[in-house]
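A.B. asks: Pasting the sequence and the predicted coordinates here, then a few questions.
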Amino acid sequence: MTEQQFDTVNKTLARIADALEAIAGTGKCSIKPLGSVPSSPWMSPDVPKGYNTVVGFLAETHPEVLDLMDDPVSGTARDGYWLTHRANRTGRTVHKVDAPAPFKDMGIDELNAYPLDLLAERLN
């Protein structure tokens with residue numbers, strides 16, 4: 001188990017312990033209300049309805065995959081090439097959207113957003 005995976009498990013266990021304390025009524029709960037839980041850092045803003053980016057789709061459907069990737073840019077590049085080719089071949093639109101913060105930190109400002117059915121075909 002890597003240090004990052006250990007930290008993820010440790011944080012999850014801490015949240016479970018907080019939830020159990022909240023249920024038991026011990027008053028030591030540090031859980032934030034559901035409305036203030038931040039969205040995934042992998043989600044791009046302003047993605048058209050019916051579309052998502054590769055990393056956004058993975059964050060929603062298979063978040064464990066992103067946790068295991070050392071580099072999400074190279075880890076999802078092959079999927080992006082396949083999706084772009086498939087969308088072009090079938091006459092589907094690919095939208096350019098703002099990249100999520102982790103990509104912007106790497107100097108990537110835009111990502112492609114693909115139709116959800118193509119993402120599901122490739123990534124499920």
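C.D. replies: Arrived safely.
A.B. asks: Tell me which stretches of this protein form strands.
C.D. replies: 51-52, 95-98, 110-115 (DSSP state E).
A.B. asks: among those strands, which is nearest residue 13?
C.D. replies: Smallest distance to residue 13 across these (Cβ to Cβ): 29.7 Å, for strand 51-52. Where you see a C-beta, it was placed from the backbone N, CA and C, and this is true even at glycine.
A.B. asks: Note down every partner strand of the closest one and its orientation.
C.D. replies: When sheet partners are counted by DSSP bridges, strand 51-52 sits next to strand 110-115 (antiparallel).
A.B. asks: contact partners of the partner strand?
C.D. replies: 44, 47-48, 50-56, 80, 83-84, 87, 92-100, 103 (Cβ atoms under 8 Å, 6 or more residues apart in numbering).
A.B. asks: Please spell out which residues along it are buried.
C.D. replies: 111-115 (16 or more other Cβ atoms under 10 Å).
A.B. asks: do the same with stretch 65-82
C.D. replies: In stretch 65-82, counting by 16+ other Cβ under 10 Å, buried: 66, 72, 75-76, 79-80, 82.
A.B. asks: Using PDB, list the CA coordinates for it.
C.D. replies: The C-alpha trace of stretch 65-82 is given here as PDB (Å, rounded to 0.1, in the frame of the first residue of the first chain):
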ATOM      1  CA  VAL A  65      -8.900   4.400 -10.500                       C
ATOM      2  CA  LEU A  66      -7.800   8.000 -10.100                       C
ATOM      3  CA  ASP A  67      -6.300   7.300  -6.700                       C
ATOM      4  CA  LEU A  68      -4.100   4.600  -8.200                       C
ATOM      5  CA  MET A  69      -2.800   6.800 -11.100                       C
ATOM      6  CA  ASP A  70       0.600   8.400 -10.700                       C
ATOM      7  CA  ASP A  71      -0.100  10.800 -13.600                       C
ATOM      8  CA  PRO A  72      -3.700  11.300 -14.700                       C
ATOM      9  CA  VAL A  73      -2.600  13.100 -17.900                       C
ATOM     10  CA  SER A  74      -0.600  10.200 -19.300                       C
ATOM     11  CA  GLY A  75      -3.000   7.700 -17.500                       C
ATOM     12  CA  THR A  76      -6.000   8.900 -19.500                       C
ATOM     13  CA  ALA A  77      -4.300  10.000 -22.700                       C
ATOM     14  CA  ARG A  78      -5.100   6.700 -24.500                       C
ATOM     15  CA  ASP A  79      -8.700   6.900 -23.500                       C
ATOM     16  CA  GLY A  80      -8.900  10.500 -24.800                       C
ATOM     17  CA  TYR A  81      -7.500   9.500 -28.200                       C
ATOM     18  CA  TRP A  82      -9.900   6.600 -28.500                       C
END
